[in-house]
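Q: coordinates only, no sequence provided:
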Ligand SMILES: Nc1ncnc2c1ncn2[C@@H]1O[C@H](COP(=O)(O)OS(=O)(=O)O)[C@@H](OP(=O)(O)O)[C@H]1O
Ligand SMILES: Nc1ncnc2c1ncn2[C@@H]1O[C@H](COP(=O)(O)OP(=O)(O)O)[C@@H](O)[C@H]1O
């Protein structure tokens, strides 16, 4: 894969842009970062990420949310839920996230991102402090009870194969920057915990 990428890029040259990431961030009065939400289907990634995005918008921050389901309808519409395609899904999202950071934006990604190696790869693409792993920690029993899209029911009935937590792996984050236990908190409390982190670490003012 790496060899192929090198072959494809060997005749291209990286252009240094005149306006720097730092200048773009300064204009927006914020420190760009990537809030990387990870968790099981139904854990609350989209719900919490949306609530945080709304709070940031209200505060006048420039933020954007890349949501799993939506991105899989467009950019990643060619990918399945095999391990190989999930890895490619996360690789593309990581690269898109990096572009948003270069534009000075606080970007959020809400993908299951089940493999810790891929989350590490996303972190390595960025500079120190730019990657913030947000573990949306909800036990599978609770996700299954919520089942907002009826997918667990289908997976248990064998209608969906390779479903995360059932017959496909989820690597629990071992040292996330932010750990949210949705069972014990309201959506608003979860969102406030994340905004508080951004404030205390001076990503926003
Ligand atoms: N087999 C299988 N396993 C898990 N999820 C499935 C599957 N098939 C479809 N879906 C729906 O796709 C959403 C997950 O897509 P992601 O791009 O976040 O997945 S991954 O990061 O590539 O693992 C996921 O959305 P969320 O519920 O928001 O997590 C599901 O709605
Ligand atoms: N504290 C909470 N945080 C997030 N979601 C919650 C919480 N409590 C209940 N929920 C519900 O759980 C479901 C989570 O669904 P969703 O956000 O689509 O999860 P995911 O994006 O991880 O698949 C929603 O129906 C939401 O209303």
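A: On my side now, so go ahead. Keep in mind it's a predicted model, so treat the numbers as computed, not measured. Ligands and ions are numbered 1, 2, ... in the order given.
Q: next to ligand 1, which bits of this structure? Give me the list.
A: 41-42, 45-46, 68-69, 72, 81, 86, 89-90, 111-114, 149, 151, 160, 162-164, 168 (C-beta under 6 Å from any ligand atom). Any C-beta I mention is one placed from the backbone N, CA and C, and that applies to glycine too.
Q: which residues sit in contact with the residue in the chain that ligand 2 sits nearest to?
A: For the chain and ligand 2, the shortest gap (C-beta to the nearest ligand atom) falls at residue 44, measuring 2.6 Å. Going by C-beta atoms under 8 Å, 6 or more residues apart in numbering, residue 44 touches 136, 138, 180, 182, 187, 190.
Q: cool, and residue 52?
A: Taking C-beta under 8 Å, 6+ apart, one finds 35, 108, 191, 194, 195 in contact with residue 52.
Q: quick check: phi and psi at it.
A: phi -70, psi -40 (degrees, to the nearest 10).
Q: quick check: the gap between it and ligand 1.
A: From residue 52 across to ligand 1, the span is 15 Å (C-beta to the nearest ligand atom, to the nearest Å).
Q: tell me the confidence at that residue?
A: The model reports residue 52 with a pLDDT of 98.
Q: nearest residue to residue 142 other than its sequence neighbours?
A: residue 183 (5.7 Å; C-beta to C-beta, 6 or more residues apart in numbering).
Q: is it fair to say the one you found lies in a helix?
A: Yes: Residue 183 forms part of a helix when assessed by DSSP: H, G, I helix; E, B strand; the rest coil.
Q: what pLDDT is listed against it?
A: 96.
Q: what's the answer for residue 8, then?
A: Residue 8 is given a pLDDT of 75.
Q: that one sits in which helix or strand?
A: Using DSSP states H and E, residue 8 falls within helix 2-9.
Q: and the contacts of residue 44, which two are the farthest apart?
A: 138 and 187 (12.1 Å; C-beta to C-beta).
Q: those two: which is more packed in?
A: Set side by side, residue 138 and residue 187 show more neighbours around residue 138, with 22 against 14, by other C-beta atoms under 10 Å.
Q: chain center to stretch 44-53, what's the gap?
A: 11 Å (C-alpha atoms, centre = their mean, to the nearest Å).
Q: following the helix holding residue 8, which helix or strand shows up next?
A: helix 21-28.
Q: list the buried residues of that following helix.
A: Neighbour counts over helix 21-28 (16 or more other C-beta atoms under 10 Å) mark 24, 25, 28 as buried.
Q: using a markdown table, please lay out those residues together with pLDDT.
A: Shown next, in a markdown table, are the buried residues of helix 21-28 (pLDDT from 0 to 100):
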| residue | pLDDT |
| --- | --- |
| 24 | 94 |
| 25 | 94 |
| 28 | 94 |
